[in-house]
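S.K.: Give me a model of this one.
(one chain, ligands or ions: 1)
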Amino acid sequence: MKKISHPTIEPSQIMPDTYQANLHFIGKMSDEFEFPFEPYQIQRDFMKNLYETIEQKKIGIFESPTGTGKSLSIICSVLKWQRDQKEREEKEIREKMESLKKEVDEPDWVNEQYQQQKVQQLISEKQAATEKVSRRQKRVLKSRKRFKREQNKENSWEGDVGVRYSSSDCSSDSDPGEIEYSNKIYYCSRTHSQLSQFIHEIKKSPYSTVKVTILGSRSNLCINPAVTQLRSNYLVNERCLELRQNSAATNKQEEEEEEKEKKRRKGKCEFYSSRKVRDFSAHILSEIQDIESLVGGAGEARTCPYYSTRAAVPEAEVVLLPYNMMLHRDQRKSLNVRLKDAVVIIDEAHNLIETINEIHSLTIQEKDCVTTHRKLSLYLRKVKARLKPINLLHCKQVIHCVSQISSCFKKLHTQKQPRTYLFTIGDFQTKTDLADINLFDLVKFIRESHLAQKVQGYQDDVMTSSDDVTIHSRSVLADIASLFTCLTNADTAGRVLLVCETESSYLRYISLKSEDPFLPLLRECRSVILAGGTMEPVGEVQQQLLAASSRDVTLFSCGHVIPPQNLLPITLSHGEEMELNFSFEGRKRPGILQEVGNILLQLCQVVPGGVVCFFPSYQCLTDCKTTLQRSGHLDKISKIKTVFCDEAGSKNSDGILESYSKRVRSARAAPGAVNTGAILLSVLGGRMSEGINFSDDLGRCVVVVGLPFANPSDPVLQEKIRYLDSTLKSTEEGRTPGQTYYENKCMKSVNQAIGRAIRHANDFASIVLLDKRYGTERINKKLPAWIRKHLRHSSSLQHTSQTVRDFFKERREDTV
Ligand SMILES: Nc1ncnc2c1ncn2[C@@H]1O[C@H](COP(=O)(O)OP(=O)(O)OP(=O)(O)O)[C@@H](O)[C@H]1O
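M.R.: Residues are numbered from 1 along each chain as shown. Reported below is the predicted structural model:
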């Protein structure tokens, strides 16, 4: 029976004197947790609960608002647990060995000889294990020394790319006698910059000597220009694999043939050699590094960082990786991630369900299908005579399948209505005549024969780039192989969507079930921890991810570290003239967007520093901007605060953010000026709503216009809703699981955005939610508890602006 414990800490339970604590006191012990600062009370509770969850081999859902030092809390509890566990295990071995030795000294008279043998055998097993570890440690030490030596030599190598390969280069990266570090911690987050931030927090902690490796994709880590210049991830991966295989295949005889060296090197990666990879992996483990310094160091050592970071996995105590690498079985397999007894921490887990579904879904364009069919046919014509009968058969079957999918599109094009077709897996197989084909065999054939790569290479020779612009960018055949794999799933796992449009038609495999891919983690790991700033609605995670496992779950949720008076969350249901309703229909009402102008103008007059305003979509942002330009609101606002705007598809988000920050800071340096800072117009769920911190003056007020509900006519969304309704029970309030999912999806996006403004214990900000729907309990109960608790409702702009003015006046007095 699954038990759920809720050690929830309410914001009111936070000790007020914590805020005044000396934050720079290093090495303070709190509840026996070493911590680089004086920990907040919520951090103490977080660490204690996390430690116990791992100790008791439970699953944990840990919620701590953004900016409350969640990363350090995770590091200081998990690494303490790891250290304690190691000590406990070592002690146990020592005690066992002692007692075994004693048994030998005092043998049982009944079976003396047998016992003695058994005890001796156990002792030697333990000793062998200990020796193996120490042998490995010696080897690592040797590798490190060699790496340092070669690094010193490196300067004299400058410009010499012709690094000689020795016979040891032939061996594979993984050592057959490799010792996998047990009790490994896998820390997963969404982006590389989040992983880098985590690295910086480890460096601050008392555990800065822990052995860490950080994994990334080739596009993040590869330093070979011959590979990085390729335009797609697929080509980067394929080229790297090819060069690496060639490098590993070097034999001794070749090595001695100086003359052949240059020719041979043509098809090899100059940065890959297993010895250097091993040496650099030892260097990685000896010093914590983020991706940038790691890539820089590898460049100097002329060694492949991609394979070095992977080679460091077995011996690492902590492995950092983006969470798509952990959540996909094939990726885990290719990385040699062993889940058994590991602790897996998934941070920023608020969108975990969507991420799992996304990772297991895929899209194939009709035109790519047609091109692939053509390429495959050309390829087959050329190599037919050389193929073994079985491979010829498989090749023909692949061509047949691709052709069937293309014809399916063609048939659907002949029909006038509807343009979107949704199939169960079984129906799609019948429709395309694929039901009788062994798709498992085909996938195996495509993978093992490297067909995708061969066809790609062949087509590069025979087709001109004008044939098709997509031919160089990605291999559709690889996607088709993945589609075949998806089509071997049970009917309940997903759907196939065909969208037929004149301009572009595509097929999308939609993964619906998230619990199946997650189950191996729940089954094999010692503990799985889902952490995030706002994990609400927790029920969704429990129903859709954890229900399949019977393991006990700890729910931990805490308030913020700021005192209540530092936060002003307020909902506004009425503007100057009209009710605020920014639903899709409501937005069409004349005058409604001018209301946004009125509100922003008033708020800009009373808020110091930066204001960040989020719109439900880029379309709504553009419409509003145009309206406010025409109405003159934008002009008036820009006299008080410089206006910055995130544009759809803009690649310059960083530049916009930098200019916005600069403007806010320069306004702070000029008190009393007419222009008091800046306003940033952005989009919920967009580039600036997640993972960006608007601390202190950068975000004194966050305004949210409306609710970002997804388009209800989106067929993928409709199917997900139908699937949830048919598989889960309705909620207590009588809402269907599909409706709940739809609302949750929207509110998660709002919660991510509004959490960005409070980043530390002394920060303060106002949050203004514009829409009458925020006043309803159904919606506002989905806000984070630490915000909901202090939520005020207002139906007048004048009242809102006065409340906000008073709030900042009091904060100014506090800080004087
Ligand atoms: N007790 C503390 N006192 C002072 N500073 C702290 C304390 N705990 C953590 N910090 C610092 O506060 C900053 C914010 O912490 P961190 O980024 O870990 O927050 P977070 O809760 O993980 O936020 P997010 O969820 O947005 O990543 C970091 O620089 C961290 O080192």
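
S.K.: Around the ligand, pick out the residues from this protein.
M.R.: 23, 37, 39-40, 43, 64, 66-72, 201, 204, 533, 760 (C-beta under 6 Å from any ligand atom). (C-beta placed from N, C-alpha, C; glycine too.)

S.K.: Now list the buried members of these.
M.R.: 37, 39-40, 43, 64, 66-72, 201, 533 (16 or more other C-beta atoms under 10 Å).

S.K.: and those residues, which of them are in helices?
M.R.: Q43, K70, S71, L72, E201 (DSSP state H).

S.K.: Distance-wise, check the closest residue to the ligand within the stretch 651-800 of the chain relative to N566.
M.R.: Per C-beta to the nearest ligand atom, H760 is where the stretch 651-800 of the chain lies closest to the ligand, at 5.7 Å. Going from H760 to N566 by C-beta to C-beta, to the nearest Å gives 10 Å.

S.K.: Same question for K384.
M.R.: K384 is 74 Å from N566, by C-beta to C-beta.

S.K.: Of these two, which one has the most company?
M.R.: N566 (21 against 11; other C-beta atoms under 10 Å).

S.K.: Provide the backbone phi and psi angles at that one.
M.R.: phi -90, psi 0 (degrees, to the nearest 10).

S.K.: number of nearby residues for the nearest residue to it once chain neighbours are set aside?
M.R.: Nearest residue to N566 in three dimensions, chain neighbours excluded: F764, at 3.8 Å (C-beta to C-beta, 6 or more residues apart in numbering). Counted with other C-beta under 10 Å, the neighbours of F764 add up to 20.

S.K.: ok, E690 touching N751?
M.R.: No - look at E690 against N751 with C-beta atoms under 8 Å: they stay out of range, at 10.3 Å.

S.K.: mind listing what the residue in the chain positioned nearest to the ligand touches?
M.R.: Closest to the ligand within the chain is G69: 2.6 Å, counting by C-beta to the nearest ligand atom. Under the criterion of C-beta atoms under 8 Å, 6 or more residues apart in numbering, the neighbours of G69 are F37, P39, Y40, Q43, V561.

S.K.: Heading C-terminal from the helix or strand bottoming out on mean pLDDT in the chain, find the next helix or strand.
M.R.: Ranked by mean pLDDT, DSSP states H and E, the weakest helix or strand in the chain is strand 28-30, scoring a mean of 42. On the C-terminal side of strand 28-30, the nearest following helix or strand under DSSP states H and E is strand 33-35.

S.K.: In terms of secondary structure, what does that next one contact?
M.R.: When contacts are defined as 3 or more C-beta pairs under 8 Å, 6 or more residues apart in numbering; DSSP states H and E, strand 33-35 packs onto strand 28-30, helix 41-55, helix 70-105.

S.K.: can you give me how far the last one is from the chain middle?
M.R.: Going by C-alpha atoms, centre = their mean, to the nearest Å, the spacing between the C-alpha centre of helix 70-105 and its chain's C-alpha centre is 32 Å.

S.K.: Now R83: closest residue in space, sequence neighbours ignored.
M.R.: Per C-beta to C-beta, 6+ apart, closest to R83 is Y207, 7.8 Å.
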